[in-house]
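Trainee: Could you look at this predicted model? Sequence included:
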Amino acid sequence: MSEEWALIALSLLRYTDDTRLCGVYNSKAIAEVLSQMSRVHTVEFRFPSLRYPHGIPWQVLKRILALPSLQELSVDMHRFAPMLSDTEQELTLDFPINLTSFSHTISDYHRRPVVFPTERQALELVIKSSSSSLRRLTMAMELAPLDLLHNGADWSNLRELHLRGQYRTIGDPPLPLIAVFAHMSQLRVLDLKLIQPAELDPQPIWPSGYLGEWPWPELEELTVSCPQIRDNIYGALPTTLRGLCLRYTPHYLIHLWREKDGLPGRRAECRWQWPLLSCADILGILRRSDAPRLRHLELEYEVDDSELELLHAVAERYPGLTSIHIFRCRKDRNLHPTEDFNPTDYRRLIMPLTPLTNLEELTLHLDLPGTPTPQYVPTMRFGGTGPYTLEELEEFSRVLQAIADMLARMLRPSLRTITFWKPAFCGVFQWRIFDVVCDDGQWHASYASSAPQNYTHY
């Protein structure tokens, strides 16, 4: 930061003398409040800003961690003790911690998070102190203490591991991720929403050269970002698996949409890559897996001539599915064709799923012709994304309604909700949710609500 900008930043500060620490989180005030809450079970810090996460002082975090009844701590969009205050000499934790759930997440969509050494030390101290009691751990990959996760602590009770952010590993030569987390033998959920750096070739979780055994015999949910065809993990999936997600982080649609808004050279996107697998590639992966108990499946792929074969295989291999998420991307990358749209064109696409008599939830991004994209307006804040026209949004909403009605008739009576990814007026996407209902013997989709798509957590 230049000297001029530093002076401007300091002139705007309130309650603190450093931009890295939020002075609103006053240690004495928080201690007074907490003294009245002897049975506090969960504490959550949440802040909506994507650009300037607030830093929580270590003194404040220590007072919260010292609560004898505390079991769950969640810190979202805040920095975790990024520096010590003038009254603190070192990071210390002189009392036991028995957290069962710890979460620390920050957005990596707009920019790569700055890594503060003090913050990394504080996170490692808290995680190591509570490792034997933790059942759920959620972290930004950039700040995760991978050496500690690898073999530096007792993970006998850990059931869920959620990591998001940019892919990285440890070791020389680099360890595959299956080796990094192999000591967590009781995992039920392994959720890896990891961005693929542009300068690094995508790596399999279980490469052919790794000679270890399958480490998670009771795994129930697996999320893989940037899946690889030559990954041995798919042939080793246990029969306990109930959820499988083969996706990209963030979804390719977000990159494609932002590329269309007039700023193709955005700093974030140029650091990442999306080596989309084709339908044929995904089909090859699914044919190697044996997951008879699968209930949830998420797929993201580039459309090719094998799409119908893929969807037929989904219904045949996983007849018990109750939830499916599909993000399809057309090869031509063209979101503005001029041809007329007919919702019945997609009847043939959905027909392979009709044998799924337990299907309750269907979430789709169909990459429809005529999907509105924002126009670049230089005077707009936050990156120049301008609004759509109301006419094109209303027309697209009518298209989604027609498709939803068709799906409701095709997949009744088990289907309960249909969700589409849809542009919103302010230049972002949202989830548009429909309930499947039957009125006077006629099945149709009734618009229920719209929920914003959360860029913070992809």
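Mentor: Yep, that arrived.

Trainee: switch to C-alpha atoms for all contacts and neighbour counts from now on
Mentor: Noted.

Trainee: what bits of the stretch 151-300 of the chain have low per-residue confidence?
Mentor: Along the stretch 151-300 of the chain, segments meeting pLDDT under 70 span 256-270.

Trainee: in it, which spans are strands?
Mentor: Secondary structure of the stretch 151-300 of the chain (DSSP state E, counting those that start in this stretch): strands located at 160-166, 189-195, 221-225, 243-247, 296-302.

Trainee: Run through who's touching the last one.
Mentor: So that's strand 296-302. Contacts to strand 296-302, defined as C-alpha atoms under 8 Å, 6 or more residues apart in numbering, come from residues 242-248, 276-279, 282, 321-331.

Trainee: How far off centre is stretch 412-430?
Mentor: 17 Å (C-alpha atoms, centre = their mean, to the nearest Å).

Trainee: Ok, stretch 67-87 next?
Mentor: For stretch 67-87, the distance to the chain centre is 22 Å (C-alpha atoms, centre = their mean).

Trainee: and what of stretch 23-32?
Mentor: How far stretch 23-32 lies from its chain's middle: 32 Å, per C-alpha atoms, centre = their mean.

Trainee: Can you give me the first-to-last residue distance of that stretch?
Mentor: 16 Å (C-alpha to C-alpha, to the nearest Å).

Trainee: same check, this time on stretch 320-331
Mentor: 31 Å.

Trainee: before we move on, what about stretch 43-57?
Mentor: End-to-end distance (C-alpha to C-alpha), stretch 43-57: 15 Å.

Trainee: Contacts for the longest helix along the chain, please.
Mentor: For the chain, the helix with the greatest residue count under DSSP state H is helix 390-410. Contacts to helix 390-410, defined as C-alpha under 8 Å, 6+ apart, come from residues 343-344, 346-347, 350-351, 354, 370-372, 415, 418, 420, 423-425, 434, 436-437, 443-445, 447.

Trainee: can I have it written out in CSV, keeping just the CAs?
Mentor: The C-alpha trace of helix 390-410 is given here as CSV (Å, rounded to 0.1, in the frame of the first residue of the first chain):
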residue,chain,number,x,y,z
LEU,A,390,-36.6,-6.6,-17.7
GLU,A,391,-37.9,-8.0,-21.0
GLU,A,392,-35.2,-10.6,-21.5
LEU,A,393,-35.4,-11.7,-17.8
GLU,A,394,-39.2,-12.0,-18.0
GLU,A,395,-39.0,-14.0,-21.2
PHE,A,396,-36.4,-16.3,-19.7
SER,A,397,-38.5,-16.8,-16.6
ARG,A,398,-41.4,-17.9,-18.9
VAL,A,399,-39.0,-20.4,-20.5
LEU,A,400,-38.0,-21.8,-17.1
GLN,A,401,-41.7,-22.1,-16.1
ALA,A,402,-42.5,-24.0,-19.3
ILE,A,403,-39.6,-26.4,-18.7
ALA,A,404,-40.5,-26.8,-15.0
ASP,A,405,-44.1,-27.7,-15.9
MET,A,406,-42.9,-30.3,-18.4
LEU,A,407,-40.5,-31.8,-15.8
ALA,A,408,-43.3,-31.9,-13.2
ARG,A,409,-45.5,-34.0,-15.5
MET,A,410,-42.6,-36.3,-16.5
